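Trainee: return atomic coordinates for the entry below.
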Amino acid sequence: MSAPGFVVGAPRSGGGKTTIALGLMRAFARRGMQVAGAKCGPDYIDPAFHRVATGRDSVNLDSWTMPPALLAALAARNARGADLVIAEGLMGFFDGVPAPPGRSGSSADVAAACGLPLLLVLDVAGQAQTAAALAKGMATFDPRISFAGAILNSVGSERHRRLCGDAIESLGIPVLGAMARVTDLVLPERHLGLVQAEETPALDTLLDAIADRVEASCDLERIAACARPMTLNDGNGAPPIPLRPPGQRVAIARDAAFSFLYPHLAQGWRAAGAELKWFSPLADEAPPADCDCCWLPGGYPELHAGRLSAARRFLDGLRGFAQDRPVHGECGGYMVMGAGIVDAAGARHAMAGLLDVETSFAKRKLHLGYREARLLADHPLGPAGTVLRGHEFHYATIVREGEGRPFADVGDAYGGAPTPAGRRNGFVSGSFFHVLAPA
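Mentor: Model (predicted):
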């Protein structure tokens with residue numbers, strides 16, 4: 001039997017689901033339970049917080065980018081050995097993109113695919129009995145979804161809790177907790193969302209404080225009892241490979257500037273027999289010379305542009321590596337492979353110069369959403385014509401994108417015509433596209 005679990009969801013973003021999900025993960029882990037975290041959707045920051053909260057790797061589960069068999073296999077593998085699965089939703093629980101049934105990318109799709117009930121986080125600020133109407137709508141909107149109960153958030157007083165909670169419970173919906181308005185336990189943010197887990201000061205202390213608050217405000221025994229076994233079966237066989245390894249021995253940049261590598265990709269590459277070797281550009285380390293491919297993930301290079309520009313061993317090593325072996329960069333990695341990055345203050349920092357691209361944060365513009373990419377030439381990710389799914393999430397603007405052929409034709413999830421994107425030159429390629437899985 002699969003481990004029991006639930007999805008922590010909410011009617012909208014900013015309703016407290018991340019804080020409450022992390023608090024529940026930490027609280028149950030402190031009780032000696034093996035807690036498996038998961039993140040609905042393509043967010044690459046939250047799984048690192050889950051890992052610190054639980055002591056186990058987390059995984060992204062996304063119904064738009066991942067074929068159903070891959071999503072099921074990843075969910076099953078992630079749950080092995082766990083006593084409880086806690087999946088954190090994204091945006092509003094039912095929010096997704098136009099797609100065939102079950103493939104919209106919503107948290108509801110993931111819950112339905114895994115057979116997990118919804119644990120609703122309901123921000124009741126400025127409401128009383130109206131909160132019951134929202135809870136009823138969330139509980140009945142989608143017949144695929146079972147409903148575990150609700151946790152009230154932003155409760156102003158005991159009277160406020162009774163007004164909201166009594167109205168909700170009169171509908172037969174259990175209220176499993178009530179969190180007061182919290183202003184002192186806040187995860188820091190910046191322009192791409194949360195600060196990364198490894199950059200958050202005293203994260204363990206903060207997570208314990210959040211867990212203390214959740215444990216004092218919620219009925220953990222009833223919450224654990226509302227979890228339901230996942231309806232997944234991986235057949236006891238090897239899970240599908242999320243993406244073929246780009247090489248047999250892959251050099252991967254990993255530090256505060258390059259951290260946006262999805263856990264399931266690294267796990268899948270290892271499962272396919274690839275050896276992963278990590279190096280830190282911020283520590284001025286070059287790609288290991290014994291590797292046959294180099295991968296520069298996304299991250300926050302614009303916050304470290306001066307250090308990267310001065311990292312001569314890294315830049316010279318990267319240029320030497322690219323003379324006869326593939327180097328691929330995603331988003332932040334793509335920017336570092338270009339000629340230069342202009343930071344938010346308007347200062348230009350020279351980069352590797354492997355691609356005729358220059359980017360800027362002086363004039364920011366949000367680029368966000370699902371993407372489907374068709375490779376325009378043979379590549380370590382697949383032969384020409386391979387279709388990959390992923391997303392784009394950055395504020396950089398392109399100052400110059402000159403010589404070189406495009407990396408892929410890229411379209412969005414809304415039916416817009418694909419357009420050439422990224423650049424490739426010899427063994428070097430890159431784009432703002434973050435890949436999650438084959439289409």
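Trainee: could I get the phi/psi values of residue 203?
Mentor: phi -60, psi -40 (degrees, to the nearest 10).
Trainee: nearest residue to it other than its sequence neighbours?
Mentor: Distances taken as CB to CB, 6 or more residues apart in numbering put residue 52 closest to residue 203, at 5.6 Å, once the chain neighbours are dropped. All C-beta spots, glycine's among them, are computed from the backbone N, C-alpha and C.
Trainee: that neighbour is in what secondary structure piece?
Mentor: Residue 52 belongs to helix 46-54 when assigned by DSSP states H and E.
Trainee: and that helix, what does it pack onto?
Mentor: Packed against helix 46-54 by the contact rule (3 or more CB pairs under 8 Å, 6 or more residues apart in numbering; DSSP states H and E) you find helix 17-30, strand 35-40, helix 203-217.
Trainee: if you set the cut-off to 10 Å instead, what comes out?
Mentor: Contact partners of helix 46-54 among helices and strands, from 3 or more CB pairs under 10 Å, 6 or more residues apart in numbering; DSSP states H and E: helix 17-30, strand 35-40, strand 59-61, strand 84-88, strand 193-194, helix 203-217, helix 263-271.
Trainee: that older thread, and the gap between the residue nearest to residue 203 and residue 119?
Mentor: Taken as CB to CB, to the nearest Å, the spacing of residue 52 relative to residue 119 amounts to 21 Å.
Trainee: neighbour-wise, which of these two wins?
Mentor: residue 119 (30 against 19; other CB atoms under 10 Å).
Trainee: which residues touch the residue lying farthest from the centre of the chain?
Mentor: Relative to the mean C-alpha coordinate of the chain, counting by CA atoms, centre = their mean, the farthest residue is residue 159 (37.8 Å). Contacts were defined as CB atoms under 10 Å, 6 or more residues apart in numbering; by that measure residue 159 touches residue 128.
Trainee: that one: which element?
Mentor: Assigned by DSSP H and E, residue 159 falls within helix 158-169.
Trainee: so how far is that helix from its chain's centroid?
Mentor: Taking the mean C-alpha point of helix 158-169 and that of its whole chain, the gap between them comes to 34 Å (CA atoms, centre = their mean, to the nearest Å).
Trainee: show me what the helix or strand following that helix packs onto, helices and strands only.
Mentor: Toward the C-terminus, helix 158-169 is succeeded by strand 175-180 as the next helix or strand (DSSP H and E). Contact partners of strand 175-180 among helices and strands, from 3+ CB pairs under 10 Å, 6+ apart: helix 17-30, strand 118-123, strand 147-155, helix 158-169, helix 203-217, helix 220-226.
Trainee: CA atoms only: put strand 175-180 into CSV for me.
Mentor: These are the backbone C-alpha positions of strand 175-180, laid out as CSV (Å, rounded to 0.1, in the frame of the first residue of the first chain):
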residue,chain,number,x,y,z
VAL,A,175,-12.0,22.5,10.7
LEU,A,176,-8.7,21.1,11.7
GLY,A,177,-6.9,24.2,12.8
ALA,A,178,-7.0,28.0,13.2
MET,A,179,-3.9,30.1,12.7
ALA,A,180,-3.7,33.6,14.0
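Trainee: got the angle between it and helix 203-217?
Mentor: Using axes from the mean of the first three to the mean of the last three CA atoms, to 10 degrees, one finds that strand 175-180 and helix 203-217 are set 120 degrees apart in direction.
Trainee: and strand 175-180, what's buried?
Mentor: When neighbours are counted by 16 or more other CB atoms under 10 Å, the buried residues of strand 175-180 are found to be 175-180.
Trainee: cool, stretch 122-142 as well?
Mentor: Counting neighbours by 16+ other CB under 10 Å, one finds that the buried residues in stretch 122-142 are 122-124, 127, 131-132, 134-136, 138-139, 142.
Trainee: out of these, which comes closest to residue 226?
Mentor: Ranking those by separation from residue 226, with CB to CB as the measure, puts residue 139 on top at 12.8 Å.
Trainee: the residue nearest to that closest one when sequence neighbours are not counted and residue 63, how far apart?
Mentor: With sequence-adjacent residues excluded and distances taken as CB to CB, 6+ apart, residue 139 is closest to residue 147, at 4.2 Å. The spacing between residue 147 and residue 63, counted by CB to CB, is 20 Å.
Trainee: and if you look at residue 119?
Mentor: For residue 119, the distance to residue 63 (CB to CB) stands at 19 Å.
Trainee: looking at stretch 383-402 now, give me its mean pLDDT.
Mentor: Looking at stretch 383-402 alone, the average pLDDT works out to 93.
Trainee: give the buried residues for it.
Mentor: Along stretch 383-402, these residues count as buried under the neighbour rule (16+ other CB under 10 Å): 386, 388-396, 399, 401.
Trainee: quick check: the farthest pair among those?
Mentor: Using CB to CB, the buried residues of stretch 383-402 reach their maximum pairwise distance at 386 and 399, which is 29.6 Å.
Trainee: can I see the domain layout of the chain?
Mentor: Using automatic domain parsing, the domain parsing of the chain gives 4-229, 249-438.
Trainee: measure the last one end to end?
Mentor: Meaning domain 249-438. Here the two ends of domain 249-438 are set 21 Å apart, with distance taken as CA to CA, to the nearest Å.
Trainee: contacts only, for residue 288.
Mentor: When contacts are counted by CB under 10 Å, 6+ apart, residue 288 is found next to 249-252, 277-279, 294, 317, 321.
Trainee: and of the buried residues of strand 175-180, the nearest to residue 257?
Mentor: Nearest to residue 257 out of the buried residues of strand 175-180 is residue 179 (CB to CB; 35.1 Å).
Trainee: check contacts around that closest one.
Mentor: Counted by CB under 10 Å, 6+ apart, residue 179 has contacts 16, 19-20, 23, 121, 123-124, 151-155, 161, 213-214, 216-218.
Trainee: please indicate which of these are buried?
Mentor: Of the members of the contacts of residue 179, the ones counted as buried by neighbours, 16+ other CB under 10 Å, are 16, 19-20, 23, 121, 123-124, 151-155, 161, 213-214, 217-218.
Trainee: tell me how far residue 152 lies from residue 383.
Mentor: Computed with CB to CB, the distance linking residue 152 and residue 383 is 53 Å.
Trainee: brain fart, residue 63
Mentor: From residue 63 across to residue 383, the span is 26 Å (CB to CB).
Trainee: need the contact list for the residue nearest to the spatial centre of the chain.
Mentor: When CA atoms, centre = their mean is applied to the chain, the residue found nearest the centroid is residue 43 (2.1 Å). Contacts here follow CB under 10 Å, 6+ apart; on that basis residue 43 touches 18, 60, 62, 88, 90-91, 193-194, 260, 262, 391, 393.
Trainee: low-confidence bits of the stretch 51-200 of the chain, can you list those?
Mentor: Low-confidence regions of the stretch 51-200 of the chain, defined here as pLDDT under 70, cover residues 182-200.
Trainee: my bad, should have said the stretch 201-350 of the chain
Mentor: By pLDDT under 70, the weakly predicted segments of the stretch 201-350 of the chain are 201, 233-239.
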